[in-house]
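>>> Model the following, please.
(one chain, ligands or ions: 1)
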Amino acid sequence: MKKLLAAVMAVVMCMAMLTACGTETPASVASDAVSAEASDAASAEASDVADVATLVVGTNAEFPPFEYLGDDGEVAGFEVDLLEAMAEKMGVEIEWQNMEFGAIVAAIGTKIDLGMSGMTITEERLQTVDFSEPYFEAVQYVMVAEGSDIATSDDLKNKVLGSQLGTTGNYFAEEIEGAEVKTYDTFVDAVNDLVAGRLDAVIIDKDPAIVFAGQNEGKVVALPGDQFNFEAELYGIAMPKGSEWAEKLNAALAEVKADGTYDALIAEYFID
Ligand code: GLN
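I've put the predicted structure just below:
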């Protein structure tokens, strides 16, 4: 509960000081001293909240069930709970910064310390950022209108396809022969255009596809990626090249896996 409250407070404070949150130097600069101190339990106990390092984490909170805005307007979801649990192990606070997915990688190391947003570990991204160990296996799905005859990758040729800017789904759409690709700032906008009949299909990660299809039942359906020969993708937490946080994040991930927290969150957020 305590960590939840801290998370909520961080977001509230962030909302209260919008400009400050956007322009602040990432707080991890001060983290070395703090993590050295954290090994001494007594001094960590006694340390003032202001002394605790805060990691500013960029996410696009429109990607359920990984991250979304809850009814109270706060960032919530599987990744939010997972990173909060890991942060507790690392003795740091997390400050979520909601932003467009396509802007996250470029902001890492300047406006934000880390990016966590259902981000697939790709060769291209590895040119500019490092990733933690993978924490989730995903695959692209294809959303189509109910009753559509699209069922295989061949059926996507020469169709009007939608996806979100800078995503792997967008990349795959661009590869499809003869396809007209429409790119959106958010998947929600792409799905809305599919529902409105302006797209033949949306290429989007499996779990958000299932959530969005559920929200638009009777209008659109989510088709499994293996019908389209899409391969597994692995999500990782992105950070600046050479970041010392890699080791800490990987250790914390191993800890939350070992103590059952990870499995409990999977059971909470995913049906299958
Ligand atoms: N997994 C996809 C990618 O990394 C989509 C992520 C997202 O839209 N949040 O590009």
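>>> contacting residues around the residue nearest the centre of the chain?
In the chain, the centroid-proximal residue (C-alpha atoms, centre = their mean) is residue 117; its distance is 1.3 Å. The contact partners of residue 117, by C-beta atoms under 8 Å, 6 or more residues apart in numbering, come to 58-60, 63, 66-67, 79, 101, 104. C-beta: built from backbone N, CA, C; applies to glycine.
>>> counting contacts, what elements does the helix or strand containing residue 68 pack onto?
Using DSSP states H and E, residue 68 sits within strand 67-69. If contacts are counted by 3 or more C-beta pairs under 8 Å, 6 or more residues apart in numbering; DSSP states H and E, strand 67-69 sits against strand 75-76, helix 78-90.
>>> what's the burial count for the closest residue to residue 225 other than its chain neighbours?
Spatially, and ignoring its direct neighbours in sequence, residue 225 is nearest to residue 139 (4.1 Å; C-beta to C-beta, 6 or more residues apart in numbering). If you count neighbours by other C-beta atoms under 10 Å, residue 139 ends up with 18.
>>> got a list of what residue 139 touches?
Counting by C-beta under 8 Å, 6+ apart, residue 139 has contacts 205-206, 224-226, 230-233.
>>> All the strands of the stretch 51-200 of the chain, residue numbers only.
Along the stretch 51-200 of the chain, counting by DSSP state E, counting those that start in this stretch, strands occupy 54-59, 62-63, 67-69, 75-76, 93-98, 114-115, 129-131, 136-138, 140-145, 160-164, 180-184.
>>> How far off centre is the second one?
Here the centre of strand 62-63 is set off from its chain's centre by 8 Å, with C-alpha atoms, centre = their mean, to the nearest Å.
>>> Please enumerate residues in contact with it?
Contact with strand 62-63 is made by 68-69, 77, 101, 117-118, 186-188, 205, 208, as judged by C-beta under 8 Å, 6+ apart.
>>> May I ask which two of those are separated the most?
Taking C-beta to C-beta as the measure, the contacts of strand 62-63 span a maximum distance of 18.2 Å, between 69 and 205.
>>> picking that back up, looking at the residue nearest to residue 225 now. What's its pLDDT?
On pLDDT, residue 139 comes in at 98.
>>> What about the contacts of residue 139, which one has the most neighbours?
Neighbour max across the contacts of residue 139 (other C-beta under 10 Å) = residue 205, 25 neighbours.
>>> can you pull the contacts of that residue?
Neighbouring residues of residue 205 by C-beta under 8 Å, 6+ apart: 63, 118, 138-141, 167-169, 233.
>>> out of these, which one sits closest to residue 96?
Within the contacts of residue 205, the smallest distance to residue 96 is 12.9 Å, found for residue 63 (C-beta to C-beta).
>>> coming back round to it: including distance to residue 111, could the contacts of strand 62-63 go into a markdown table?
Formatted as a markdown table, the contacts of strand 62-63 follow (distance: C-beta to C-beta, whole Å):
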| residue | distance to residue 111 |
| --- | --- |
| 68 | 21 |
| 69 | 20 |
| 77 | 21 |
| 101 | 14 |
| 117 | 14 |
| 118 | 19 |
| 186 | 19 |
| 187 | 22 |
| 188 | 23 |
| 205 | 24 |
| 208 | 24 |
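>>> quick one on the thing from earlier: please report how far the residue nearest to the centre of the chain lies from residue 83.
Residue 117 sits at a distance of 11 Å from residue 83 (criterion: C-beta to C-beta, to the nearest Å).
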